[in-house]
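> prediction below, plus the sequence it came from.
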Amino acid sequence: MYRTHQHGSLALVTDLPEKADVDRELKLLDPRLFSELQIDVHQRPVWTVNLELGDVPPQLVFEYRDEDGVALPLSYKAVDRIRVMMLRGPLDVAAIVEANRALRERREAESAERYREIAVEFAEREHRSYLLPRSQALRMARDKSRENR
């Protein structure tokens, strides 16, 4: 798979690995790991690395993004990130579940704050008059009809 980046008149073409190649490397580290393309809350695709736990749904290990939160194309750097995590020891499922819970709570709090701002704005507009001012042509037409009576 190739990806092209345009920088002015310079085009940079990068050779990206296939999903199967990355999954094979992940399975060498831990047979329960796999990559998956998901859609984030902003309806944009993002690659994730997940841990299969059997009877329960797979747990998100991480979303493959850069420091600014921009989704990155799948590459072997995702495997390297798992390798670094595993240098500290085997993957701690309890820590992963706790990190996912904290991430979910943080996103829910951010969402509630955004909705709160919208609710405050609507409350401020509630006392406004939504009637549009009458046009000059309408006033003139009414004056003319009063004169003809």
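Perfect, I can see it now. Residues are numbered from 1 along each chain as shown.

> chain center to the helix or strand Leu103 falls within, what's the gap?
Applying DSSP states H and E as the criterion places Leu103 in helix 93-125. Relative to the centre of its chain, helix 93-125 is centred 13 Å away, using CA atoms, centre = their mean, to the nearest Å.

> who does it touch, helix- and strand-wise?
Contacting helix 93-125 under the criterion 3 or more CB pairs under 8 Å, 6 or more residues apart in numbering; DSSP states H and E are the following elements: strand 59-63. C-beta coordinates here come from the backbone N, C-alpha and C atoms, glycine included.

> give the pairing partners of the strand it packs on; include direction for each.
strand 45-51 (antiparallel) (DSSP bridges).

> domains of this protein?
18-91, 92-127 (automatic domain parsing).

> out of those domains, nearest to Ser135?
Proximity to Ser135 (CB to CB) singles out domain 92-127 among the domains of the chain, at 23.0 Å.

> next SSE after the lowest-mean-pLDDT helix or strand in the chain?
Every helix and strand of the chain was ranked by mean pLDDT, DSSP states H and E. The lowest is strand 2-7, at a mean of 69. Moving toward the C-terminus from strand 2-7, the next helix or strand (DSSP H and E) is strand 10-15.

> what about that following strand, average pLDDT?
When pLDDT is averaged over strand 10-15, the result is 74.

> need the domains of the chain in a markdown table with mean neighbour count and mean pLDDT, can you?
Below are the domains of the chain laid out as a markdown table (neighbours: other CB atoms under 10 Å; pLDDT from 0 to 100):
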| stretch | mean neighbour count | mean pLDDT |
| --- | --- | --- |
| domain 18-91 | 14 | 85 |
| domain 92-127 | 11 | 82 |
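
> a markdown table for these, including distance to Ser145?
What follows is the domains of the chain, written out as a markdown table (distance: least, CB to CB, whole Å):
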| stretch | distance to Ser145 |
| --- | --- |
| domain 18-91 | 54 |
| domain 92-127 | 34 |
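
> isn't Glu36 right up against Asn50?
Yes: the pair Glu36 / Asn50 is scored as a contact, 5.7 Å apart, by CB atoms under 8 Å.

> so the helix holding Leu103 versus strand 59-63, what angle?
Here the directions of helix 93-125 and strand 59-63 differ by 70 degrees (axes from the mean of the first three to the mean of the last three CA atoms, to 10 degrees).

> ok, now which ones touch the residue most central in space within the chain?
Centroid-nearest residue in the chain, with CA atoms, centre = their mean: Asp40, separated by 3.4 Å. Neighbour list for Asp40: Val46, Glu63, Ala71 [criterion: CB atoms under 8 Å, 6 or more residues apart in numbering].
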